[in-house]
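Chemist: Here you go, sequence then predicted model.
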Protein chains: 2
Amino acid sequence: MGRQRPDVPTLEEVAARAGVGRGTVSRVINNAPGVRSSTRDAVRRAVSELGYVPNFAARSLAVRRADAVALVMMESDWRLFGEPFFSEIVRAVGNALTDSGMQLLLTLIRSETERQRFLEYARGGRVDGVLLMSVRAQDPLPDMLAEAGLPTVLLGRRTGEECVTYVDADNLGGARTAVSHLLDSGRRTIAAITGPLDMYVAQCRLRGYREALTHAGVQDVPSLVVEGDFTEESGRLAMAGLIERHPGIDGVFAASDTTAAGALTALRAAGRRVPDDVKVIGFDDFPLAERTDPKLTTVRQPVDEIGRTMVRLLEEEMREPATAWRHVILRTELVLRDSA
Amino acid sequence: MGRQRPDVPTLEEVAARAGVGRGTVSRVINNAPGVRSSTRDAVRRAVSELGYVPNFAARSLAVRRADAVALVMMESDWRLFGEPFFSEIVRAVGNALTDSGMQLLLTLIRSETERQRFLEYARGGRVDGVLLMSVRAQDPLPDMLAEAGLPTVLLGRRTGEECVTYVDADNLGGARTAVSHLLDSGRRTIAAITGPLDMYVAQCRLRGYREALTHAGVQDVPSLVVEGDFTEESGRLAMAGLIERHPGIDGVFAASDTTAAGALTALRAAGRRVPDDVKVIGFDDFPLAERTDPKLTTVRQPVDEIGRTMVRLLEEEMREPATAWRHVILRTELVLRDSA
DNA sequence: CTGAAAGCGCTAACAT
DNA sequence: ATGTTAGCGCTTTCAG
């Protein structure tokens, strides 16, 4: 057991070759000031001649830093992985991290065992901070990480009383705006296809739907609300049921654009014209919506800003021991793509 | 600069608390034999009382191992990330790795800078091995890793003369089978929508298509071949053009199921009946195909086995310095889902 | 079966 | 400006 890394040169050998001390070499490879440039050049030459690469474990042990952050996804969200929202978040986080010289490690947690293993991984100092994607209401991981003193930032919150630092979109406001928009066009029989209701994000969007109805003085009909799970299939199934129960349906608020796509499919299969007969608004980022239906109106989340903000907060917490939890809620935007 | 990890207990403190030497604690946490069970228990107690977690950098420095492997994806494939094939590969690799206690690190390479950074990352000893997904023909990374003496396994090969160890599906045979199947049902105007032709995998599938035609004595019409890029959109566009140029088209071989899905969309939009008028066979794994069209015939790749095999080969190379490149080509399977 | 001691390769504080 | 030295926390002989 154990790999045979052949004769990797060490800093010591570089020093010998360059005819300087180890400290000097260390300064050079870390771009520390206070080294005569001729010396610096000599060291650089030795480095490249020997093909020297600093040993990470040794440095990490000395500086007590890993220069890496983990972006963690739960198994439960795995099928969402393919969703544009997630890949866009990954991309945004990657971009934001690129300047800081940190390695981004995507990590999958698919079982209790893996959660435990990741915890040890993180507590063992292999990452300096953790970014958690889309946590479920009862997920204990954030607290465990917090207790371990690891800088942690959540994408979304678990409940309204979330403590751990998080970045979230304004789901409530976005949903309210979307449904108000439907109401403004005179529609009155508006359904909601929600996300999994054990996720706060889904609860918020549903609440926004209800608030908009209430505000407009429209009766909230329970059978117009169907719980989905953000997938396209759930949108299709939910919509099929809704059409049957409420033939007069004229508006749909979907908790994700994928769900919206499913709903559209079902509507068209049932011969409904979209958006003339029924207008659908999906809540999510725009790339998928555009692909599915160029004219679908959506609630767009500021994906890029979410990623940037998560990284910024994480870096702040890594710099100084967090003395308070910070929460950032980013505004969403209603993107109208049709004329109806 | 640097995070303040508060008072993490060290092995030394555990030893003190348990009233034993450091060596003994080390043996216990590594499940090494030769420790009296009463001693073992005492140590275990001390460990849990102190909430001790071994410091990874220190261990890694001592054993010269990282207990982690990287699964890297290139930016160029990033949009394929959402494809079932990729997420299935990730899952399969994760499963295969789970037993070995290695951490799986998904890594994204999106630029020359990031490639360089990853190379240092890997050469710095932060991973023990590297799994590379879907390499382009001119990608130098595999060779760089090989030169650095890092165990590396490719998913697919760059050219027919690939040296570095790889696992691949039998793209040539699979394509041949698919097209032969179309020919067997009497179809004669068969189009091919390929993947990016700078990828060997796409070249192979195209070659399979041609070989099947030749074998059946059917003329190979250049305008029936369109280069796509594995995406749905490319399938749609390619198909639209094909229908126009070849109204009599009655068969399509698509280089991926996503492309096939796009082709189906275009065909239906053009009023063609599928599979009665035109039959489409997509080359790829099954989940997406099933979702898109439950009756689509596909060439299924043994995704699970691919993942398992990659991990197995990697582990072997990690165990003993590879003295030869190993290549494994896994059989594909034609999955018929319609009666046509 | 267990303790003591010698590194692993690097950084950083201290000399010079 | 540069060399020297003392750790960082763990594994692993080597004694006992």
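Modeler: Nice, I can see it. Residues are numbered from 1 along each chain as shown, chains lettered A, B, ... in the order given.
Chemist: Now do the helices in chain A.
Modeler: In chain A, the helices defined using DSSP state H lie at A:11-18, A:22-29, A:37-50, A:56-63, A:84-98, A:112-123, A:141-147, A:171-184, A:200-215, A:232-245, A:257-269, A:286-292, A:303-319.
Chemist: of the ones you listed, which approaches B:Asn95 most closely?
Modeler: Among the helices of chain A, the nearest to B:Asn95 by Cβ to Cβ is helix A:112-123 (10.8 Å). (Each C-beta comes from the backbone N, C-alpha and C, glycine too.)
Chemist: related to what we said a few turns ago, so which of the helices of chain A comes closest to B:Glu12?
Modeler: helix A:56-63 (14.4 Å).
Chemist: Show me what from chain A comes close to DNA strand C.
Modeler: Selection of chain A residues close to DNA strand C by Cβ under 7 Å from any atom of the strand yields A:8, A:10-12, A:22-23, A:26, A:29-30, A:52, A:54-55, A:58-59, A:61-63.
Chemist: how much space is there between A:Asp128 and A:Gly149?
Modeler: Using Cβ to Cβ, to the nearest Å, A:Asp128 is found at 11 Å from A:Gly149.
Chemist: pLDDT below threshold where in the stretch 151-300 of chain A?
Modeler: The model of the stretch 151-300 of chain A has pLDDT under 70 over residues A:285-294.
Chemist: so which residue of it comes closest to DNA strand D?
Modeler: In the stretch 151-300 of chain A, the residue that lies nearest DNA strand D is A:Pro151 (18.2 Å; Cβ to the nearest atom of the strand).
Chemist: Report the spatially nearest residue to A:Thr214, omitting neighbours in sequence.
Modeler: In this structure, A:Thr214 finds its nearest non-sequential neighbour in A:Asp220, 6.9 Å apart by Cβ to Cβ, 6 or more residues apart in numbering or on different chains.
Chemist: Among A:Asp128 and A:Gly149, which residue is more densely surrounded?
Modeler: Higher neighbour count among A:Asp128 and A:Gly149: A:Asp128, with 25 against 16, using other Cβ atoms under 10 Å in any protein chain shown.
Chemist: so what's the more buried one up against?
Modeler: A:Asp128 makes contact with A:Arg65, A:Ala66, A:Asp67, A:Ala68, A:Val69, A:Met102, A:Pro151, A:Met318, B:Arg3 under the criterion Cβ atoms under 8 Å, 6 or more residues apart in numbering or on different chains.
Chemist: Show me which of those is closest to A:Arg40.
Modeler: Closest to A:Arg40, out of all of the contacts of A:Asp128 and judged by Cβ to Cβ, is A:Asp67, at 22.7 Å.
Chemist: Quick one: neighbours of that closest one, just the number.
Modeler: Neighbours of A:Asp67 under the rule other Cβ under 10 Å: 17.
Chemist: For the stretch 151-300 of chain A, what lies in contact range of DNA strand D?
Modeler: Looking at DNA strand D, no residue of the stretch 151-300 of chain A is close enough under Cβ under 7 Å from any atom of the strand.
Chemist: and the residue of the stretch 151-300 of chain A closest to DNA strand D, how far is that from A:Asn31?
Modeler: Counting by Cβ to Cβ, the gap from A:Pro151 to A:Asn31 is 25 Å.
Chemist: Give me the more crowded residue out of those two.
Modeler: A:Pro151 (25 against 8).
Chemist: you'd agree A:Glu49 is up against A:Glu13?
Modeler: No - assessed by Cβ atoms under 8 Å, A:Glu49 is found out of contact with A:Glu13, at 10.5 Å.
Chemist: out of these two, which sits in the more crowded spot?
Modeler: Using other Cβ under 10 Å as the criterion, A:Glu49 and A:Glu13 rank with A:Glu13 on top: 16 against 12.
Chemist: how about that one, what does it touch?
Modeler: With contacts defined as Cβ under 8 Å, 6+ apart, A:Glu13 is in contact with A:Leu50, A:Tyr52.
Chemist: swap in A:Thr39?
Modeler: A:Ala18, A:Val20, A:Thr24, A:Val28.
Chemist: From A:Ile29, how far off is it?
Modeler: 13 Å.
Chemist: same thing with A:Arg91?
Modeler: 30 Å.
Chemist: What of A:Gly217?
Modeler: Taken as Cβ to Cβ, the span from A:Gly217 to A:Ile29 is 69 Å.
Chemist: again with A:Leu313
Modeler: Going from A:Leu313 to A:Ile29 by Cβ to Cβ gives 30 Å.
Chemist: who's more crowded, these two?
Modeler: A:Leu313 (24 against 17).
Chemist: Am I right that that one is in contact with A:Arg326?
Modeler: Yes - between A:Leu313 and A:Arg326 there is a contact at 5.8 Å, judged by Cβ under 8 Å.
Chemist: Spit out the residues that contact these two alike.
Modeler: A:Thr165.
Chemist: Neighbours of A:Leu334, how many?
Modeler: Neighbourhood size, A:Leu334 [other Cβ under 10 Å]: 15.
Chemist: Stretch A:142-161 close to chain B?
Modeler: Yes - applying Cβ under 8 Å from any Cβ of the partner chain, one finds stretch A:142-161 touching chain B at A:Gly149, A:Pro151.
Chemist: how about that stretch: buried residues?
Modeler: Buried residues in stretch A:142-161, counted by 16 or more other Cβ atoms under 10 Å in any protein chain shown: A:142, A:144-146, A:148-158.
Chemist: try stretch A:181-193
Modeler: Buried-residue list, stretch A:181-193, by 16+ other Cβ under 10 Å: A:His181, A:Leu182, A:Leu183, A:Arg187, A:Thr189, A:Ile190, A:Ala191, A:Ala192, A:Ile193.
Chemist: quick one: which of these is nearest A:Glu333?
Modeler: The closest of the buried residues of stretch A:181-193 to A:Glu333 turns out to be A:His181 (Cβ to Cβ; 12.0 Å).
Chemist: Leaving out sequence neighbours, find the closest residue to the closest one.
Modeler: In this structure, A:His181 finds its nearest non-sequential neighbour in A:Leu334, 6.1 Å apart by Cβ to Cβ, 6+ apart.
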